[in-house]
Structures are given as C-alpha cells and as structure tokens.
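Visitor: Mind folding the following:
(2 chains)
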Protein chains: 2
Amino acid sequence: MSRKIALDRPLLQENIHHAGRIRALLERHRVTAFNLVSSPGSGKTSLLERTLKALAGKLNMALIAGDVSTQNDADRLKAAGGQWVRPLETGGTCHLEAAMLSGTVAQLDLPATDILFIENVGNLVCPAAYDLGEHEKIVLISTVEGDDKPLKYPVMFRNASVMVINKIDLLGLTEFSLATVKENAFLINPDLRVFELSCRTGEGLSAWFDWLQQRVARVRGTESGHG
Amino acid sequence: MSRKIALDRPLLQENIHHAGRIRALLERHRVTAFNLVSSPGSGKTSLLERTLKALAGKLNMALIAGDVSTQNDADRLKAAGGQWVRPLETGGTCHLEAAMLSGTVAQLDLPATDILFIENVGNLVCPAAYDLGEHEKIVLISTVEGDDKPLKYPVMFRNASVMVINKIDLLGLTEFSLATVKENAFLINPDLRVFELSCRTGEGLSAWFDWLQQRVARVRGTESGHG
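Guide: Reported below is the predicted structural model:
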C-alpha cells in the first residue's frame, strides 16, 4: 500500500498545480465551478439535463462531461440544450485530473460563462483525491444505493460540500432511510449542504435551482438576498 | 496518460504473479472462486446474504469482503450466517489486488471449502484490471443505474463472464430497459451469462442458486447433470 501511495504522489502534486491554475483562471472571470461526483447511475447526467433546461436564459452554463470511454453523456446534455458542452474521454482512467481539463477550460468563453459544471467519471473512490479547481464538489447519492454509502466511501463525502440525494420518488421501495443516510453523512462531514430531489418527477429541484442562482450571484457580486 | 500506464505496469505484473499463485492453490483444493464487482449499491452484499442463507448446509462457502474503509459488509455477511467471512480493508485503495488476498486465502480451510466468494470494492472501473485468481468475474448491475452502463464501463463487462441484473422488482419505475441493457452488454461481450433477479423479493434467485451448485459440481468432479 505504501508503494502505491509513493507512486501516486507526483501525480497528485502535479494535479494540485494544474488545479490551482484552473481555479485562478475561473476566479479571474468570476465563473463558479462545480465538480459532480457519484457512483455510476446516481443521476449526474439527469440532474444536469434538468438544470440546463430549467436555467437556460437565466444563466450561461458550460459543461465538461467526463467519461471513461464514450461521449454518451455529452450527447445527452447537448440534446438537453447545452450549447457549451464538451466531452472529455479519460481513455480508461477512473477519474478526471486537472491536467485533462486545462485545455478545454482555456477554450471556453469564460467572460460569458456563469457556471462551469464538470461531470466526473462515475466512481465514488478515485475522483475524491483530485481537485479540479472547482468551487464546490457535489456528491450525488440515489435512494436505491444503500444508506451506508457515506461511511463506506468517506473521503468523497468529506471532500464534498454538497450532497444531492436523488430518486426520492423511489423512497419506500427499498430499505433506504433518508434519516440514516444524512446521519451517516453528517458523521463524516457535519457541514454538508443537502438537497433531496427527484430528477424524474421534478420534486425538490426548485431548491437546487435557487441555490445555484444564489451561488452564482455571490461570485458575480450581484447578490441581492442572503444566499 | 502514457505516464500513468507506465506507473501501473509493475503493479499489474506483480498482480498477475500473485493471482496465478492463488488460482493454483484454489485449483489444488478444487475450490471455485467468484469475484463480485459492481457500482456501490448494486447489491453485491445482498446477493451474498441471500446465497449464504439459501445454500447453507448444501455448500461450504468462504467469503472475503473487500471494502475501502469499513467492515460493514463483513458484519452483515456474518449476521447472515457466514461462518467463514473475512473482512479485507483496502485502506483507501479503489480495488482489491491479488497480493492483498494471498494471506487470507492461505488461512482458509480450503479442503473443506466449495466456494470462495470475493466481494470487491464498489467501483465499475478499477477492479476490472486486477485478476484475483478467480474462476469467474461476476458483474452486478441494478435496474436503477441506467441501461447504458455496459457501454460506459466496457472493460468490466468484457472481463466478466456473468452479469447479474438485480432489483428487477423496481423495473418500470425508471427508464431502465432489460432488453437495452442486455443488448448493450452483448455488444461488449456476447458470451455473458445473464441472471435477472431481485434480492429483495427473491424472484429469479433459484436459477442463480442452481447455477452455483452446478458450477461447483463441475469443479468438484461430482457433476451428474449437464451443468
């Protein structure tokens, strides 16, 4: 195990360097960046589809869709009206690294961009270790995955600032308990902001949309309320 | 990317060496080994709980439960009647490696064991690359994860010989199509054996139990039917 950590250290140090450059570039243009992480199938792409449709005309959103070996998610997101969607295939790697993003971020029209969404590879372990220069890491969990997941994948829930609990329309059909998953998540990270929603029925989405707009207003310096 | 592959190569070569030793040891004692892989929350532990309960008294089953940082799964499986359950924490690593298993496998009562189940870390990417000396790699997917997953995580579905589709009791509640997931999986791996079941309701489990018993009989040389 110590051998593996030694091998990874130069990669992680290089990643911190690249992430810092991306963060500086985004801050210069007052772009708010979100790094979405979850298991495969928790609903990252569905949440982004909903968000692109709901906030089109209100916010300018760019999106980088990471995937191991297809561009399926990027295609779905373009179909949802995302004009500024860029696919990013990792070629087998289990996570995004900041260096993979640098070129794509630099090509975006940053002065005109309010939000950059980065959809990471579906994986609750490896993406936890790689800062991509984002302002917030958002972890999704669905109500059919088991309410013990924050305890089993603690690094991801510790490094995230927001937890989105998706598929609440399926509550009651499995043994998943909302109270238990939140209790487990707060054990790992008491500061997590939580959204409970269903991308399928739309329940709970308005709170998520409101928060995104407040979050952008804070960075843009156009905040009117309390955020 | 090429840099990463170069870093991983010695690890993978060392893993092949350890996996070969484990496979030879298991074959000497005619133990059938299964490596269970899936996303977090697809139901690996639930399937093993059901299997331990159903086949107790018919087969002697040992089980190594891999986890990033808890022994929760091992505790659940012991509670399900698994006397020979061994937890294996990876200490943060995103997959099991053969070297992590060697000591534990050597301590099992192999002459008395029919089946060794290895429950891998919940991750559809990294465990695909690591042979653990198993006879079959079994990939689980649940009906709430999205039917595109075989295309998005092709290495895992290519290296598996069996695909278990779990949570069929939730079919119809999401956009998941059984026909589509099988079509996508067969594009990647036409030889996949498929089980469709629900660990919650028990539907479809008998075919899985029958196959396990036939699989063991073949290795034990006590086969009576066609298997």
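
Visitor: CA atoms for contacts and neighbours, from now on please.
Guide: Fine.

Visitor: Quickly find the element holding residue A:137.
Guide: strand A:136-142 (DSSP states H and E).

Visitor: anything in that strand near chain B?
Guide: No - counting by Cα under 8 Å from any Cα of the partner chain, no contacts exist between strand A:136-142 and chain B, the nearest distance being 9.1 Å.

Visitor: what about residue A:35, which SS state?
Guide: strand (DSSP: H, G, I helix; E, B strand; the rest coil).

Visitor: what does the strand holding residue A:137 rub up against?
Guide: Contacts of strand A:136-142 from elsewhere in the structure, counted by Cα atoms under 8 Å, 6 or more residues apart in numbering or on different chains, are A:33-39, A:42-44, A:156-157, A:159-168.

Visitor: cool, and stretch A:80-100?
Guide: So stretch A:80-100 is contacted by A:15-16, A:18-19, A:22, A:49-50, A:52-53, A:61-71, A:73-74, A:77-78, A:101, A:104, A:108, A:120-121, A:123, A:126-127, A:130-133, B:1, B:125-126 (Cα under 8 Å, 6+ apart).

Visitor: Inside helices: which ones of the residues you listed?
Guide: Per DSSP state H, helices hold the following members of the contacts of stretch A:80-100: A:15-16, A:18-19, A:22, A:49-50, A:52-53, A:73-74, A:77-78, A:101, A:104.

Visitor: now the residue positioned nearest the centre of chain A, which residues is it bridged with?
Guide: Residue closest to the mean C-alpha point of chain A, counted by Cα atoms, centre = their mean, is residue A:36 at 1.3 Å. Beta-bridge partners for residue A:36, by DSSP bridges, are residue A:119, residue A:138.

Visitor: which of the ones in helices among the contacts of stretch A:80-100 are buried?
Guide: Listed as buried from the ones in helices among the contacts of stretch A:80-100 are A:15-16, A:18-19, A:22, A:49-50, A:52, A:73-74, A:77-78, A:101; burial here means 16 or more other Cα atoms under 10 Å in any protein chain shown.

Visitor: a markdown table for the residues you listed, including pLDDT and distance to residue A:203?
Guide: Formatted as a markdown table, those follow (pLDDT from 0 to 100; distance: Cα to Cα, whole Å):
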| residue | pLDDT | distance to residue A:203 |
| --- | --- | --- |
| A:15 | 93 | 37 |
| A:16 | 93 | 37 |
| A:18 | 96 | 38 |
| A:19 | 96 | 34 |
| A:22 | 97 | 34 |
| A:49 | 96 | 15 |
| A:50 | 97 | 12 |
| A:52 | 95 | 16 |
| A:73 | 89 | 23 |
| A:74 | 89 | 24 |
| A:77 | 89 | 21 |
| A:78 | 87 | 23 |
| A:101 | 95 | 33 |
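
Visitor: contacts with chain B among those residues, please.
Guide: Near chain B, taking Cα under 8 Å from any Cα as the test, no member of those is found.

Visitor: Tell me the one among those nearest to residue A:198.
Guide: Using Cα to Cα, residue A:50 is the member of these that lies nearest residue A:198, at 10.2 Å.

Visitor: residues contacting the residue nearest to that closest one when sequence neighbours are not counted?
Guide: Distance criterion Cα to Cα, 6 or more residues apart in numbering or on different chains; nearest residue to residue A:50, sequence neighbours excluded, is residue A:199 at 6.9 Å. Taking Cα under 8 Å, 6+ apart, we find residue A:199 in contact with A:43, A:46, A:47, A:50, A:166, A:167, A:205.

Visitor: Counting only helices, which of those residues make the cut?
Guide: A:46, A:47, A:50, A:205.

Visitor: Now tabulate these in TSV and tack on distance to residue A:173.
Guide: Shown next, in TSV, are the ones in helices among the contacts of residue A:199 (distance: Cα to Cα, whole Å):
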residue	distance to residue A:173
A:46	21
A:47	21
A:50	24
A:205	21
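
Visitor: Which one of those residues is nearest to residue B:176?
Guide: Nearest member of the ones in helices among the contacts of residue A:199 to residue B:176, counting by Cα to Cα, is residue A:46, at 13.2 Å.

Visitor: and the gap between the closest one and chain B?
Guide: Look at residue A:46 and chain B: by Cα to the nearest Cα, to the nearest Å, they are 11 Å apart.

Visitor: From the structure, what's the count of residues near that residue?
Guide: For residue A:46, the tally of surrounding residues (other Cα atoms under 10 Å in any protein chain shown) stands at 19.

Visitor: How about it, nearest residue that isn't a chain neighbour?
Guide: For residue A:46, ignoring the flanking residues on the chain, the nearest one in space by Cα to Cα, 6+ apart is residue A:199 at 6.2 Å.

Visitor: And that neighbour, how far from chain B?
Guide: From residue A:199 to chain B the distance is 11 Å (Cα to the nearest Cα).

Visitor: What pLDDT does the model give that residue?
Guide: Note on residue A:199: pLDDT of 97.

Visitor: try residue A:79
Guide: pLDDT at residue A:79 comes out at 87.

Visitor: what's around it, how many residues?
Guide: 12.

Visitor: Over to residue A:145. Which of the three states is it?
Guide: coil.

Visitor: ok, it touching residue B:41?
Guide: Yes - with contacts counted by Cα atoms under 8 Å, residue A:145 reaches residue B:41, the gap being 3.9 Å.

Visitor: And these two? Which one has more around it.
Guide: Neighbour totals were compared for residue A:145 and residue B:41, and residue B:41 leads with 26 against 22 (other Cα under 10 Å).

Visitor: List the contacts of residue A:132.
Guide: A:15, A:18, A:19, A:22, A:23, A:35, A:96, A:97, A:98, A:101.

Visitor: same thing but 7 Å
Guide: Contacts of residue A:132 were listed using Cα atoms under 7 Å, 6 or more residues apart in numbering or on different chains, and they are A:19, A:97, A:98.

Visitor: pLDDT value on it, please?
Guide: 97.

Visitor: measure it to chain B for me?
Guide: 17 Å.

Visitor: try residue A:144
Guide: To chain B, residue A:144 is 7 Å away according to Cα to the nearest Cα.

Visitor: tell me the contacts of residue A:144?
Guide: Here residue A:144 is in contact with A:174, A:176 (criterion: Cα under 7 Å, 6+ apart).

Visitor: Swap in 6 Å and give it another go.
Guide: Counting by Cα atoms under 6 Å, 6 or more residues apart in numbering or on different chains, residue A:144 touches no other residue.

Visitor: Torsion angles phi and psi at residue A:117?
Guide: phi -90, psi 130 (degrees, to the nearest 10).

Visitor: Quick check: it touching residue A:37?
Guide: No - when contacts are counted by Cα atoms under 6 Å, residue A:117 is not listed as touching residue A:37 (10.9 Å).

Visitor: Much appreciated, bye for now.
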